[in-house]
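Undergrad: Got a predicted structure plus its sequence, pasted below:
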Amino acid sequence: MTTPRHCSLTEAIAEFVEDGMCVALEGFTHLIPFAAGHEIIRQRRRDLHLVRMTPDLVYDQMIGMGCARKLSFSWGGNPGVGSLHRLRDAVERGWPQPLQLDEHSHAGMAAAFCAGAARLPFGLLRGYQDNDLAAHNPRIRHVHCPFSGERIAAVPALNPDVTILHAQQADRQGNVAIHGIVGAAREAALAARTLLVTVEEIVDALPPAMNGIVLPWWVVAAVVACPGGAYPSYAQGHYARDNAFYQHWDEIARDRQRFLAWIDRHVLGTTDHRGFLDSLHREAA
Amino acid sequence: MTTPRHCSLTEAIAEFVEDGMCVALEGFTHLIPFAAGHEIIRQRRRDLHLVRMTPDLVYDQMIGMGCARKLSFSWGGNPGVGSLHRLRDAVERGWPQPLQLDEHSHAGMAAAFCAGAARLPFGLLRGYQDNDLAAHNPRIRHVHCPFSGERIAAVPALNPDVTILHAQQADRQGNVAIHGIVGAAREAALAARTLLVTVEEIVDALPPAMNGIVLPWWVVAAVVACPGGAYPSYAQGHYARDNAFYQHWDEIARDRQRFLAWIDRHVLGTTDHRGFLDSLHREAA
Amino acid sequence: MSDCTRDEWMTVVAARMLRDRCVCFVGIGLPSAACNLARLTHAPDIVLIYESGTIGARPQVLPLSIGDGELAETASCVVPLPELFNYYLQAGRVDVGFLGAAQIDRHGNLNSTVIGPYGAPSTRLPGAGGAPEIALHARETFVMLKATPRSFVERLDFRTTAGHCRAASVPSRNNAGREGVARAPRDESSHGPSAVITDFGVLTPRADSGELSLSGLFGDASVAEARAAVGWPLGVADQLEPIAPPSAFELETLRGLQARTRAAYALPVSIPA
Amino acid sequence: MSDCTRDEWMTVVAARMLRDRCVCFVGIGLPSAACNLARLTHAPDIVLIYESGTIGARPQVLPLSIGDGELAETASCVVPLPELFNYYLQAGRVDVGFLGAAQIDRHGNLNSTVIGPYGAPSTRLPGAGGAPEIALHARETFVMLKATPRSFVERLDFRTTAGHCRAASVPSRNNAGREGVARAPRDESSHGPSAVITDFGVLTPRADSGELSLSGLFGDASVAEARAAVGWPLGVADQLEPIAPPSAFELETLRGLQARTRAAYALPVSIPA
């Protein structure tokens, strides 16, 4: 086992995320790794196969900047607000480039991540019944129970080349603790060949949490201290979700030029996440 | 949803555990529901299909008292000590009656409990390769991955009629919190048609534990306050495992008459778990 | 209470359909408002499960997303999504699922995937999320959806979630036929909505055919308005139930909840420094 | 250190086989002593996983069971068993598995199920536990087992756990043949032990055949003793490595651990009142 690297986000993305890779930034509404997504945009990665149950704003931004060729997902909207306009533009009009879809239900994505984490070739679910999803996705098939003969839906395992999470804390050894809504983040982490984690803070020792959600150091490739790294999503115990930003994003993303200007100013025009947050502060002031 | 009953263990076993049922008392070394097992012996249940990854002393006692016709399991020993002599006597010499075995590996039992909890007809694992287990158990079969064609082992779901757990705490509504080693207890609980839980204490409110192991009140059929209910196993934070008792059991269980005398004195000769613990106290004094 | 809005009517009427102590898988938006209104009125021990894995949530204000911190803080427990979908939903432990959609057809089939062909849609919608399996596994589902001839349609562009579906006889446009197994309407294998709450009243499935027909109207709505808003020839149930208007208590509670929610959203969230 | 026992030899020699920072799935008994001795000597950052789901345990005394409270208290985290078996073991995240058994054959196949026919055994053993999948998924396995002609046998009564197995040519007695697929010895699909630590020394598999042969002897043991204790004609490796005796530091550490363990076990556990 190698020890997790402690490095900057710039270094981590440069070293571990390559053009063409299958990459999952997970976190279900909570702990979405926005800082890492922005760094992928800054480093102008291309041709990525993005994986995420709920693409959210971070993938809207990456897709709008042409980082992605393919998307595995189950719900691609702005939660409580409406559409992801950059995702729509890519699918409806191929801008800035066409986006291939591997589309599932939440239950199907969860089963695929679980199979990936367990290194099984496929996962099972009772689902995809009497709807059109399987007709449009050859990655939804069926098996028969070898005991009852019942027909059960099957999805192939998802095993990203790289999974990136944001978490509240890591200790100096690289053990990572997640507190609060976790979604399929742990399964996505353990399904990956390489796991990168950004954290709010690095502490001497994690608080004792016998049954808490911990990713041990020896499954982590790199830990990056990145306060605010989930903003405008949130980190339970650190800062709240900026619901107003999510609502505001609808206007920004609706228009290609306004979107590009926003990314230019706040993402490409800054060198790191601290710069991004400062830039938003200046705009808000 | 019905509200969980708060009742005595005598009432709970009388109401929910019937002769012939499939019953799982789970808990992996920790939180083994000994009090419930003893009450099943007191009420002289017969013909049970017992399910448990690690039968342990509690099943040795139930098997020795003729409660069981069948056992689904993966490791039947006295941990760190040796044999379960009553289990061996039943298998080797049919005393007090023959015991049918549904034998798995730990990984197979875990997969079967998970399938049960998820109400899937079967579970998958990479296992049972190049050994004799499948040749002796028709409940170990295989399926082919509908994507890769790979051959993967399959086990049918375990869905006990009743699962019984011991836990540290429940609140007055019947929410149950488990702290520490949990084994496959949660899966066994959620796989069951009926869930009974004995607890060390009933409190006004469970301590906050966002990501802790909680079984919500609406999956619980009955909650029984039963301090010391896991002894000689243990309850993290309440009392330690009595390793000396486990070692001492080897002598008691080795001999049929000595075993019967022990059960007569401490289990059948007492009316409830308080009486059982008092009886051990008197013997120790 | 003639001054109440149609949104308020919908929310109050949906809330009344929820029994106390039922286990409810809550969608965001109107369903979340309805479920919390039920909890704050006649159903104090209703169990609300949000798709983020928060079980038994008791939010003081309505969440914007299905995973706001408020939900985790007030929940009995927070479970990973695979557990939520496997051990709770698929295991049949959910009584009621609440769904929305972009389109619904006369049998309660839902589309939340695309308008137009799947491969070249005119409008790409968010997609399935939890809906197909919520409909399949919850004991009962309700749909909340405002009616226009573009949302209540003769024929779906894509069937995301099965209703009382009659798949073979009314295939959706995109269906390549591979999965086109007919389900008998209203038998036990049918998982369509037991009620559709819309902005003129309530549709319920006919016992014989599973076809949605008008069974209740809000106070100031008319059959003519309902027919105009629905893209298929809308049947009217033999007994058109009068729906009691929102009570003062219901409206007060709902408006209080929404005022608290607006106040909470208006608080500036500071960008982490 | 001629005064050390064979148990101590076995434990020390097994401990030396563990690299620092390796992830080790620990069995109870001698393997647990060996793993903790490694942690207290040359491998302070070894990751010990006990079958109870305790990951990264650092016990002060040796546990009697694989789930003593001490393990949970000192672990980095405690996970449910399905996660342990699926996400850690099956996922290939374990470097070393330590196994015991009642019987071993010349190819490292193990029996921990029955002596005699499965349906009517003369001795019913505890069974498989985690062993078959530990052997299959851990990168490497070690076996610790004291040798007698009844434990080191020509032919197993039951094959619980596959070694370098040659299943087709040497079927175990109970094998009904359904699963009797031959695996080529020592190729990548072979998961047999890379060392068997027994009470006279160490056996390792031959590169060509996978057959276990004597590759190292403890200080006061002889080839004749080894051959007498093994139920098949024991081969001797071309180079019989001398094994360094337990050092003073190793023995002191091991004996200290065992003294602490005895003292802890001697403390009366009060029956809960």
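TA: Structure received.
Undergrad: Which residue is the nearest non-sequential neighbour of A:Asn159?
TA: In this structure, A:Asn159 finds its nearest non-sequential neighbour in A:Gly116, 4.5 Å apart by C-beta to C-beta, 6 or more residues apart in numbering or on different chains. Glycine gets a C-beta too; all of them are placed from N, C-alpha and C.
Undergrad: Where does that neighbour sit, in terms of helix or strand?
TA: Counting by DSSP states H and E, the element that carries A:Gly116 is helix A:106-117.
Undergrad: now A:Ala189
TA: Following DSSP H and E, one finds A:Ala189 within helix A:185-191.
Undergrad: Just the C-alpha atoms of that helix, please, in PDB.
TA: Only the C-alpha atoms of helix A:185-191 are listed here, as PDB (Å, rounded to 0.1, in the frame of the first residue of the first chain):
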ATOM      1  CA  ALA A 185     -20.000   8.600  -2.400                       C
ATOM      2  CA  ARG A 186     -18.500   5.700  -0.500                       C
ATOM      3  CA  GLU A 187     -19.300   3.200  -3.200                       C
ATOM      4  CA  ALA A 188     -18.000   5.500  -5.900                       C
ATOM      5  CA  ALA A 189     -14.800   6.000  -3.900                       C
ATOM      6  CA  LEU A 190     -14.300   2.300  -3.400                       C
ATOM      7  CA  ALA A 191     -15.200   1.500  -7.000                       C
END
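Undergrad: Output the contacting helices and strands for that helix.
TA: Applying 3 or more C-beta pairs under 8 Å, 6 or more residues apart in numbering or on different chains; DSSP states H and E, we find helix A:185-191 packed against helix A:106-117, strand A:162-171, strand A:213-215.
Undergrad: Give me every residue in chain A lying close to chain B.
TA: Selection of chain A residues close to chain B by C-beta under 8 Å from any C-beta of the partner chain yields A:119-122, A:124-126, A:139, A:141-148, A:150, A:152, A:154, A:156, A:178-180, A:182, A:209-213, A:236.
Undergrad: close enough to count as contact, the residue nearest to A:Asn159 and A:Val155?
TA: No: at 10.1 Å, A:Gly116 does not count as touching A:Val155 under the criterion of C-beta atoms under 8 Å.
Undergrad: follow-up on the earlier one: for the helix holding A:Gly116, packing partners?
TA: In terms of contacts (3+ C-beta pairs under 8 Å, 6+ apart), helix A:106-117 is packed against strand A:68-73, strand A:122-125, strand A:151-156, helix A:185-191, helix C:81-83, helix C:131-137.
Undergrad: Out of these, which gets nearest to C:Ala120?
TA: In terms of C-beta to C-beta, the element of the helices and strands packed on helix A:106-117 nearest to C:Ala120 is strand A:68-73, at 16.3 Å.
Undergrad: in the closest one, what's buried?
TA: Neighbour counts using 16 or more other C-beta atoms under 10 Å in any protein chain shown place A:Ala68, A:Arg69, A:Leu71, A:Ser72, A:Phe73 of strand A:68-73 among the buried residues.
Undergrad: That one pairs with which strands, parallel or anti?
TA: When pairing is defined by DSSP bridges, strand A:68-73 lines up against strand A:48-51 (parallel), strand A:100-103 (parallel).
Undergrad: Would you mind identifying the next helix or strand past the first one?
TA: Per DSSP H and E, strand A:48-51 leads on to helix A:56-64 as the next helix or strand towards the C-terminus.
Undergrad: In chain C, what residue comes closest to chain A?
TA: Closest contact between chain C and chain A, by C-beta to the nearest C-beta, is at C:Gly67 (2.7 Å).
Undergrad: ok, now how distant is that residue from A:Trp75?
TA: Distance from C:Gly67 to A:Trp75, counting by C-beta to C-beta, to the nearest Å: 12 Å.
Undergrad: hey, what's in contact with both of these two?
TA: Between them, C:Gly67 and A:Trp75 share no contacting residue under C-beta atoms under 8 Å, 6 or more residues apart in numbering or on different chains.
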